[in-house]
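Peer 1: Can you look at this prediction? I've put the sequence above it.
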Amino acid sequence: MERMPKWADVFLVPFINLVLAFLVSGLVVLAIGENPLDAIYYMVKGAVGTTSGLGYTLYYATNYIFTGLAVAVAFQARLFNIGGEGQAAIAGIGVALVMLAFDWPAWWLALPFAIAGAAAFGAAWAFIPAWLQAKRGSHIVITTIMFNFIGAALMGYLLNGVLKNPNTQNAETVAFPKAAALPTAYDILAPLGIPFSKSAPLNISFILALICAWLVWLLIWRTRLGYQIRAFGQSESAARYAGISAVRVTIIAMLISGGLAGLLAINVVMGEQERLIKEFVEGAGFVGIAVALMGRSHPFGIVLAALLFGMLTQGGFELLWEMPGISKEMVLVIQALIILFTGALDNMVRVPVERMFLWLGKGRA
Amino acid sequence: MGSETEQGRQETAAPAIELRGISKAFGPVQANKDISISVAKGTIHGIIGENGAGKSTLMSILYGFYRADSGEIYINGKKTEIHDSQDAIAAGIGMVFQHFKLVENFTVLENVILGAEDGPMLRPSLAKARRTLRELATEYELNVDPDAVIEDLSVGHQQRVEILKALYRQADILILDEPTGVLTPAEADHLFRILRNLKAQGKTILLITHKLREIMEITDTVSVMRQGEMKGTVRTSETSPEDLAERMVGRKVLLRVDKKPATPGETVLEVENLRVVDNAGVERLRGISLQVRAGEILGIAGVAGNGQSELLEVLGGFREASGTVRLKGQELALSGRHADGQSRRARGIAHVPEDRQSEGLIMEFAAWENIVFGYHHDPQYQKNRLLMDNAGIRKIAAGKMERFDVRPRDVNLRAKSFSGGNQQKLVLAREMERNPDLLLVGQPTRGVDIGAIEFIHQNIIKLRDQGKAILLVSVELDEIMSLSDRIAVMFDGRIMGERRPEETDERELGLLMAGVTNTGEAA
């Protein structure tokens, strides 16, 4: 039974989820004696009110698009890759090695190699859990989450060892060649006469993220490989009947997933920090899970969800700044409520909405 | 309904079950439309109808799983509200489901008392159940070892436990949903003896089935359902299978398959000493050898679970085996890289798998996506090196759906939204039009309505007459008998014997299916 129109599935249900999440968040803000309308005002203003805020929002959104796509590709094959955090971290090493290998004369020369380095290292970190799942049946949820810790430990080891910049106390590499810095939104928009904040970290990686979203869509719904990934994800027994190799699909889907997660390092390491710093992923790998859930594993939905989570992140920082009564934990609660309502409690809204459409349909018939 | 007159001999007693004007809708689907039915006490009443006719919904309403939108239920003349299965049990109704609801690692006794314990301590309940079971066993030929663990019992014995569970709960009315689907002919005969004993003791039995033969054999009265409506209730003695089939489908149906004698050609498939050991270390195939020639249908009969599925899986390329399999003289890989579905298809083997919902189709995929499933590497379905030709596939799918009469003819509809028969036609349209040398067919008409069965059988015969080799596996003996040119019977991973359909009967095949080889003496 096709129960409800597509627009309701894609827009109406997430919208109602969001409204509910904001209502409950408002109650929580009320409960600690602050004005929820003020809170929303500062969050929205902080996220999109200035070009600086917008620049940060889109910068975070870029990260979430990469990690959201990573989760979604694996999820199409019914593989729950929650190792985006670790894959992105290791990808940072790949970017750093590429950037420090030469004195790059121009960013556009360095970018393809940096992308290759990031994707290859991210994919390599995903390959081991994928291989263990495909060949040994070790559950990928367990192995990917363990690999996050191993990845963090490896980063710590390398950044306090061979990769460390000897001139600082911090666990970080030396700065990348200046000439290879990615153009920021300011650099791109200023020649066109559009004023944009000079300090915002938004850079050309955002375009790369949108291209990746389109490529993922093409891969999943237009290519033979995508067809096989979806078939395997829907029914392992049917895939076996058709001669689709479980080992092959599992490993390829995870390699693509790890590679996408790795591209986050382009945005952060190459685009913003211009050196490799130990904890640069900052939880974006996990946010990607929520983004993919909310975006229903569809690239278009993921871009929208990533924008929302970018706003939440940036708006949350502004909120902390503007309303001292609201703590960092409070912002986490609000973000968690949104994840709860859009992800875990999705059916709570979906089922009544479906009923409503059935009832409307019956009335017409 | 005419039921008033049919109950002439018991007109004084109130009917055991009377349903008046039961209606039930699921969303836009009207599963039951104003159903009225009356079942006299101490009779066996059959309910027959195609899949989706509303039989199961009606019984679920009677057993309290669903609530009717309107209508009334009378049990022994008394209006009864049945909100859940507890109410149904209290009203004396017991149900034996098609898929047993037993705890596999509990004993028979523990299963019987489950939910009917007398107190917090198990011991007294178990003792009481043991006594009751002994009485029931002698009274109704319902012998089961009370201390056996369910998973060690045969399917026929498990079914007896289900019946015992109902009787232990003092059921006077027993509903059986497709009870013979998993039984050997001998087990089915035994079940029917039990049912006759129960009837003799005054129990009322409702038998839901799609098998006309069973209705004719055991019921007193029969009700026919079609598309959620009751199409009449008749005395079994006053009707015929042809008449019932026509009422079920709404038009005349050919019950026998019309076919010319086979003209077999060269040997296409040769299987020698095929062995399969499953993951648990159990030998599933113990040295199978067989041959299928061009232009003939070899039917494999047997009760489910005797190695037929494994045989199809090995030939279809998704289970490893040892032994030799040759297709047109060329050996097939039985393990390693080339033992997969892709390689088999490339060699000219098409496969209609036993389970279309978990193997043959992807239920969440649209019809057009399913129509290339397994053949998605085929050059004709590609736009270029990278992309699939989705628009072209849609066009091809529309053509196949037209030729195989898949309804509704909507290439974008998901497979799960089609009826069982139309899902099967989707699989057949995909596999048959590949013009294969060998067609493997597993349970072609399981869960398929009578109208579609006719169509599917005709198409299998048509393919045979085009000179293709066909290996047919089915647990429906009727189907094996009417389609096959030769019949091989499988039991416990071995072939017990081969017969020609015109030289054997269901009795002899039934004995072979039960593992009895010296059929001459047994008969």
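Peer 2: Thanks, I have it.

Peer 1: How about the residues of the stretch 251-400 of chain B by chain A?
Peer 2: B:316-318, B:340-345, B:351, B:353, B:355, B:358-365, B:369, B:373-374, B:376-377, B:382, B:386-388, B:390 (Cβ under 8 Å from any Cβ of the partner chain). Glycine gets a C-beta too; all of them are placed from N, C-alpha and C.

Peer 1: OK, contacts around A:L182?
Peer 2: Applying Cβ atoms under 8 Å, 6 or more residues apart in numbering or on different chains to A:L182 gives the contacts A:W107, A:L111, A:N203, A:I204, A:S205, A:I266, A:M270, A:G271.

Peer 1: Could you pull out the helices in the stretch 101-250 of chain B for me?
Peer 2: B:108-113, B:122-140, B:155-168, B:185-200, B:212-218, B:241-249 (DSSP state H, counting those that start in this stretch).

Peer 1: now, of the ones you listed, which is deepest in the fold?
Peer 2: Highest mean neighbour count among these (mean count of other Cβ atoms under 10 Å in any protein chain shown): helix B:108-113, with a mean of 23.

Peer 1: quick check, distance from it to the centre of its chain.
Peer 2: Averaging C-alpha positions (Cα atoms, centre = their mean, to the nearest Å) puts helix B:108-113 27 Å from its chain's average.

Peer 1: elements contacting it?
Peer 2: Here helix B:108-113 touches helix B:122-140, helix B:155-168, going by 3 or more Cβ pairs under 8 Å, 6 or more residues apart in numbering or on different chains; DSSP states H and E.

Peer 1: any low-confidence regions in the stretch 201-350 of chain A?
Peer 2: The stretch 201-350 of chain A contains no residues with pLDDT under 70.

Peer 1: near chain B, which residues of it?
Peer 2: A:218, A:222-224, A:227-228, A:230-231, A:234-235, A:237-238, A:240-245.

Peer 1: Swap in 10 Å and give it another go.
Peer 2: Contact residues (Cβ under 10 Å from any Cβ of the partner chain) of the stretch 201-350 of chain A with chain B: A:218-219, A:221-228, A:230-245.

Peer 1: Among the residues you listed, which are located in helices?
Peer 2: In this view, these that belong to helices under DSSP state H are A:218-219, A:221-222, A:224-228, A:230-234, A:236-242.

Peer 1: Give me the residues contacting stretch A:165-173.
Peer 2: A:92-93, A:96-97, A:99-100, A:155-164, A:174-175, A:269, A:273-280 (Cβ atoms under 10 Å, 6 or more residues apart in numbering or on different chains).

Peer 1: Contacts only, for the closest residue to B:L361 other than its chain neighbours.
Peer 2: Of all residues beyond its chain neighbours, the one nearest B:L361 is B:A415 (4.4 Å), with distances taken as Cβ to Cβ, 6 or more residues apart in numbering or on different chains. Applying Cβ under 10 Å, 6+ apart to B:A415 gives the contacts B:356-357, B:360-367, B:369-371, B:373, B:422-423, B:426-427.

Peer 1: For A:L358, see how far away B:A415 is.
Peer 2: Per Cβ to Cβ, to the nearest Å, B:A415 is found 21 Å from A:L358.

Peer 1: Follow the chain on from the lowest-mean-pLDDT helix or strand in chain B and name the next helix or strand.
Peer 2: When the helices and strands of chain B are scored by mean pLDDT, DSSP states H and E, helix B:3-6 comes last with a mean of 44. Elements were assigned by DSSP states H and E; along the chain past helix B:3-6, the next helix or strand is strand B:17-26.

Peer 1: Can you list the strands that that next one pairs with?
Peer 2: Note on strand B:17-26: by DSSP bridges, its sheet partners are strand B:29-39 (antiparallel), strand B:70-75 (antiparallel).

Peer 1: Mind putting the ones you listed into a markdown table with mean neighbour count, mean pLDDT and distance to A:A213?
Peer 2: Shown next, in a markdown table, are those (neighbours: other Cβ atoms under 10 Å in any protein chain shown; pLDDT from 0 to 100; distance: least, Cβ to Cβ, whole Å):
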| stretch | mean neighbour count | mean pLDDT | distance to A:A213 |
| --- | --- | --- | --- |
| strand B:29-39 | 20 | 90 | 38 |
| strand B:70-75 | 17 | 93 | 51 |
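
Peer 1: A:V19 reaches A:F341, doesn't it?
Peer 2: Yes - shown here, A:V19 and A:F341 form a contact pair, counting by Cβ atoms under 10 Å, at 9.0 Å.

Peer 1: Name the residues contacting each of those two.
Peer 2: Counting by Cβ under 10 Å, 6+ apart, the residues touching both A:V19 and A:F341 are A:V349.

Peer 1: give me phi/psi at the residue of the stretch 101-250 of chain A found nearest chain B?
Peer 2: Going by Cβ to the nearest Cβ, chain B is nearest to A:G243 of the stretch 101-250 of chain A, at 2.7 Å. Backbone torsions of A:G243, given as degrees, to the nearest 10, read phi 80, psi 20.

Peer 1: Can you give me the separation between it and B:G341?
Peer 2: According to Cβ to Cβ, A:G243 stands 3 Å off from B:G341.

Peer 1: hey, what's in contact with both of those two?
Peer 2: With Cβ under 10 Å, 6+ apart, A:G243 and B:G341 have common neighbours B:G316, B:G317, B:F318, B:G374, B:Y375.

Peer 1: pLDDT-wise, what's the bottom of the residues you listed?
Peer 2: Least confident of the shared contacts of A:G243 and B:G341 in the model: B:F318, at 90.

Peer 1: Now it: closest residue in space that isn't a chain neighbour?
Peer 2: Nearest one to B:F318, counting by Cβ to Cβ, 6+ apart, is A:R240 at 4.7 Å.

Peer 1: That neighbour contacts B:A339, correct?
Peer 2: No - contact between A:R240 and B:A339 fails when scored by Cβ under 10 Å: they sit 11.6 Å apart.

Peer 1: any common contacting residues for these two?
Peer 2: Shared contacts of A:R240 and B:A339, defined by Cβ under 10 Å, 6+ apart, comprise B:G316, B:G317, B:F318, B:R319.

Peer 1: which residue packs closest to B:V268, ignoring adjacent ones?
Peer 2: B:A469 (3.7 Å).

Peer 1: is the one you found in a bridge, and if so with what?
Peer 2: With DSSP bridges as the criterion, B:A469 is bridged to B:L438.

Peer 1: Show the contacting residues for it.
Peer 2: B:A469 touches B:264-269, B:291-298, B:327-328, B:348-349, B:436-440, B:463, counting by Cβ under 10 Å, 6+ apart.

Peer 1: Let's see which of these end up in strands.
Peer 2: B:267-269, B:291-293, B:297-298, B:327, B:349, B:438-440 (DSSP state E).

Peer 1: which of those sit farthest apart?
Peer 2: The most widely separated members of the ones in strands among the contacts of B:A469, counting by Cβ to Cβ, are B:I297 and B:L327 (16.9 Å).

Peer 1: ok, the two, which is more surrounded?
Peer 2: Higher neighbour count among B:I297 and B:L327: B:I297, with 26 against 20, using other Cβ atoms under 10 Å in any protein chain shown.

Peer 1: residue contacts, the more buried one?
Peer 2: Shown in contact with B:I297 (Cβ under 10 Å, 6+ apart): B:259, B:262, B:264, B:439, B:441, B:460-461, B:463-464, B:468-472, B:480, B:483-487, B:501.

Peer 1: Which members of the residues you listed occur in helices, if any?
Peer 2: Among the contacts of B:I297, the members falling in helices are B:I460, B:I461, B:L463, B:R464, B:I480, B:L483 (criterion: DSSP H).

Peer 1: how deep is the residue of the stretch 251-365 of chain A found nearest chain B tucked in, by neighbour count?
Peer 2: Nearest to chain B, among the residues of the stretch 251-365 of chain A, is A:L358, at 4.8 Å (Cβ to the nearest Cβ). For A:L358, the neighbour count with other Cβ under 10 Å is 16.

Peer 1: Now the residue of the stretch 151-300 of chain B found nearest chain A: phi and psi?
Peer 2: Closest to chain A within the stretch 151-300 of chain B is B:N279: 11.6 Å, counting by Cβ to the nearest Cβ. Phi and psi for B:N279, reported as degrees, to the nearest 10, are phi -60, psi -30.
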